[in-house]
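Student: pasted the sequence and its predicted model underneath.
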Amino acid sequence: MAVSSGRLTGLKCGLVGALLAAAVGCEQKASEPAAAPPAPPPAPAVAAVDTARLLAADAEPGNWMTHGRTYSEQRYSPLSDLNAGNVDELGLAWYFDLPDDRGIEATPIIADGVMYVTAAWSKIFALDAATGELLWQHDPQVPPEWASNLCCDVVNRGVAVWKGVVISGTLDGRLLGLDAASGDLLWETRTTPQDRPYSITGAPRVIKDRVIIGNGGAELGVRGYVSAYDYRTGEMLWRFYTVPGDPSKPLEHPALELAVDTWKGGAWWEVGGGGTVWDSMAYDAEADLLYIGTGNGSPWNRSIRSPGGGDNLFLSSIVALRPETGEYVWHYQTTPGESWDYTATQHMILAELSWQGEPRKVIMQAPKNGFFYVLDRLTGELLSAEPYTRVSWAERVDLETGRPVENPEARYENGEAALVWPHPLGGHNWHPMSYSPDTGLVYIPAQEIAMNYAHDAEFTYTPGAWNTGVVFEVAGMPDDVEIRETFAKLTKGHVSAWDPVAGREVWRIQHDNVWNGGLLSTAGNLLFQGNAEGELVAYRANDGEPVWRFPAQTGIVAAPVSYSADGTQFVAVAAGWGGAFALAGGELASRSAGSVTRARVLAFRAGGTASLPPVTVAEESAAAVAVAADPEDADSIERGRVLFMRNCHMCHGDRAISGSSLPDLRHMSDATVAEFGAIVLGGLRHQGGMPGFAERLDQANAEDLLAYLLSVRAGES
């Protein structure tokens, strides 16, 4: 459905007609007779973003026209009307409630007075940037049952806008082109095969009229690639596979000749291999290089996917490509032989630094593996790699070889379980960093969390399941309360103010929990971040001193942006607690004050006087007493625990404790218990995103699961 605004509808065949007439058949009116009054001047352009505007983005700092504001992805705003001296005047200007209280990870795009933002289930909204008025909305109608094909919530990180077209990906693998003026669908392209659990959660980028988009799904078993599409029609122009496929078939492009010999034995292509390009990209226009980050292996466990060892290129790598053709230029692999879900899809930033007394064009990344990398972005040469958080899988990165010096005990593939830092959530996940050219610092939303990895000796590829080769029931929180409390104290997040030249942390903002939001720095010596405790906070960018905070009524994981509307500087953030940690983190996630999800866009300006509605807390439903399983059967309970950790905890939380908006299964109603088999096996509640699992589970499994859940509930009472 698209709802049009009268203020914008008139542009439908003006702007888009001029740009897209041949592609979409936009109807043009005949010329007026000579005697008619002169036609009014053309309406101002809507989302008329192009290469020239993005390359000159600093000349119009009031807009935020691409994901990281500029192609360099620095997430730094040159606006300075708001500064560390007057930020206490900041107040809520407006808010816009999003329709689904699920995780919100989007970066709003602001172009020419309009904000474009995405919400859960890949829904797209256009808002008046000054007032928050809804201009139009588009629901791509993602099938709710597709939620079972997602690793990390029904999230989306935003749109791209280009020459009057709003471009966005959907959870079920489609790419959409919408008229920026009306929200009408111009074209739709399916980017992924439907027989594999692919998804799109990342924001597209547009370079030289080419829409660049990747996909996710490596945990469940897919082969990674990135593709380019024509922004006018959705026609695919090129595709770069990040890992080799079936060796009995020809390689799709020459770069895979570098990769194929680094995969040794096994049948990785049956599971997929992984290497998905699910988030970050950057572009150097001068060098004409597109940088992509690639993901983890599929399965995670290298000894299963590549039992002969090997680096397994191009997993966990930064890869430089030519944006017009997808031609490979160079790569750097952050985690050779990846086996811990240490993706290199995390935010990449381009900058020019003074390196050993000489200017150096660099690309910087803090991937999941815990090391902060500085590379020469023209050649891929490693310049620096230092730990920015707690790391135990490797001692250091050797600058001569560019390779990590691994801790052998971290290779759980030998059969011994290993407690390893960081966790698969990473020392830093997708939450964007920011670089301030004023302070010379990179601000990293870092975290400290570990996981117990164990080799799954009985692994078999199961379509639709999490195919990691890791025993998740060993990774969960233990029953021992004292151990759980100790682990909880060790699990925390922080903002690291990182000096990339010195390779060290300058100062730190400590948080009580992980999964805090992305960052924005500004020319007003300000650093903005939302957090897991339900606040948006402004700090001084030079020293991290807090100078303003706002209670957002929900945890914030997305990154703020700054823009101007009607001559006034705004700061805005898309708020809503969710994502991988919120879903799977159990009691660690639920301990956060902001663990209640209220999805909305918040916009602030000096003197803003709006206020959020009062918080109402829903009462928890009473636990059921009539059960269809025996909560006293220890063997059934243990079988249920294993089944839950392998199939359910990714959405319903460790130990069945919900840290998100999804139901807390310790508090099931009588109706839920009575219908448990129909829900779990038959998909009775698939419209809410809970599909049936009859292909993997049977009635006996359902009874064991229920016995486990009731035992957990009894232990909490």
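Tutor: Cool, the structure landed.
Student: counting neighbours, what do you get for the residue nearest to residue 241 when sequence neighbours are not counted?
Tutor: Nearest non-adjacent residue to residue 241, counting by CB to CB, 6 or more residues apart in numbering: residue 225, 4.6 Å away. Bear in mind the C-beta positions are built from the backbone N, C-alpha and C, glycine included. Neighbour count of residue 225, defined by other CB atoms under 10 Å: 22.
Student: dump the residue contacts of residue 225.
Tutor: Neighbouring residues of residue 225 by CB atoms under 8 Å, 6 or more residues apart in numbering: 214, 215, 239, 240, 241, 242, 277.
Student: taking those, please make a ChimeraX selection of just the buried ones.
Tutor: Per 16 or more other CB atoms under 10 Å, the buried members of the contacts of residue 225 correspond to this ChimeraX selection:
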select :214,215,240,241,242,277
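Student: closest one of the contacts of residue 225 to residue 669?
Tutor: When those are compared for distance to residue 669 (CB to CB), residue 215 wins out at 36.8 Å.
Student: right, and that closest one touches residue 276 too?
Tutor: Yes - taking CB atoms under 8 Å as the definition, residue 215 is a contact partner of residue 276 at 5.7 Å.
Student: overlap in contacts, these two.
Tutor: The overlap between the contact sets of residue 215 and residue 276 (CB under 8 Å, 6+ apart) consists of 222, 224.
Student: what mean pLDDT does stretch 526-543 have?
Tutor: Averaged over stretch 526-543, pLDDT sits at 98.
Student: next, the buried residues of that stretch.
Tutor: Those would be 526-542, for stretch 526-543 by 16+ other CB under 10 Å.
Student: what do you get for stretch 541-553?
Tutor: Of the residues in stretch 541-553, 541, 542, 544, 547, 548, 550, 552, 553 count as buried by neighbour count, 16+ other CB under 10 Å.
Student: in what helix or strand does the fourth one lie?
Tutor: When you say that, I think you mean residue 547. strand 546-551 (DSSP states H and E).
Student: where do the strands of the stretch 551-700 of the chain begin and end?
Tutor: 561-565, 568-575, 600-606 (DSSP state E, counting those that start in this stretch).
Student: let's see the last one as PDB, backbone CA atoms only.
Tutor: If I follow you right, that is strand 600-606. Below are the C-alpha coordinates for strand 600-606, written out as PDB (Å, rounded to 0.1, in the frame of the first residue of the first chain):
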ATOM      1  CA  ARG A 600       9.400   5.200  16.500                       C
ATOM      2  CA  VAL A 601      11.500   8.000  14.900                       C
ATOM      3  CA  LEU A 602      12.600  10.700  17.300                       C
ATOM      4  CA  ALA A 603      13.700  14.100  16.100                       C
ATOM      5  CA  PHE A 604      15.200  16.900  18.200                       C
ATOM      6  CA  ARG A 605      16.000  20.600  17.900                       C
ATOM      7  CA  ALA A 606      16.900  23.400  20.200                       C
END
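Student: grab the most central residue of this structure for me.
Tutor: Nearest to the geometric centre of the chain sits residue 430, at 4.8 Å (CA atoms, centre = their mean).
Student: and it, how far is that from residue 692?
Tutor: Look at residue 430 and residue 692: by CB to CB, to the nearest Å, they are 30 Å apart.
Student: any idea how far the helix or strand that contains residue 528 is from the chain center?
Tutor: Using DSSP H and E, residue 528 maps to strand 526-530. Relative to its parent chain, strand 526-530 has a centroid offset of 19 Å by CA atoms, centre = their mean, to the nearest Å.
Student: could you identify the helix or strand that succeeds it?
Tutor: For strand 526-530, the succeeding helix or strand toward the C-terminus, using DSSP H and E, is strand 535-540.
Student: what's the offset of the host helix or strand of residue 188 from the middle of its chain?
Tutor: Counting by DSSP H and E, the element that carries residue 188 is strand 185-190. Here the centre of strand 185-190 is set off from its chain's centre by 23 Å, with CA atoms, centre = their mean.
Student: next secondary structure after it?
Tutor: strand 205-207.
Student: quick one: strands adjacent to that following strand?
Tutor: strand 210-213 (antiparallel) (DSSP bridges).
Student: and the partner strand, average pLDDT?
Tutor: Rounded mean pLDDT across strand 210-213 is 98.
Student: just to revisit the earlier point, okay, the residue nearest to residue 241: pLDDT?
Tutor: Model confidence at residue 225, given as pLDDT, is 98.
Student: relative to residue 267, how far out is it?
Tutor: Counting by CB to CB, the gap from residue 225 to residue 267 is 19 Å.
Student: swap in residue 454?
Tutor: Applying CB to CB to residue 454 and residue 267 gives a distance of 22 Å.
Student: who has more neighbours, the two?
Tutor: residue 454 (20 against 13).
Student: check what pLDDT the more buried one gets.
Tutor: In this prediction residue 454 is given a pLDDT of 95.
Student: surely it touches residue 419?
Tutor: No - taking contacts as CB under 8 Å, residue 454 lies outside contact range of residue 419: 10.1 Å.
Student: isn't residue 311 right next to residue 337, touching?
Tutor: Yes - with contact defined as CB under 8 Å, residue 311 and residue 337 form a contacting pair (5.6 Å).
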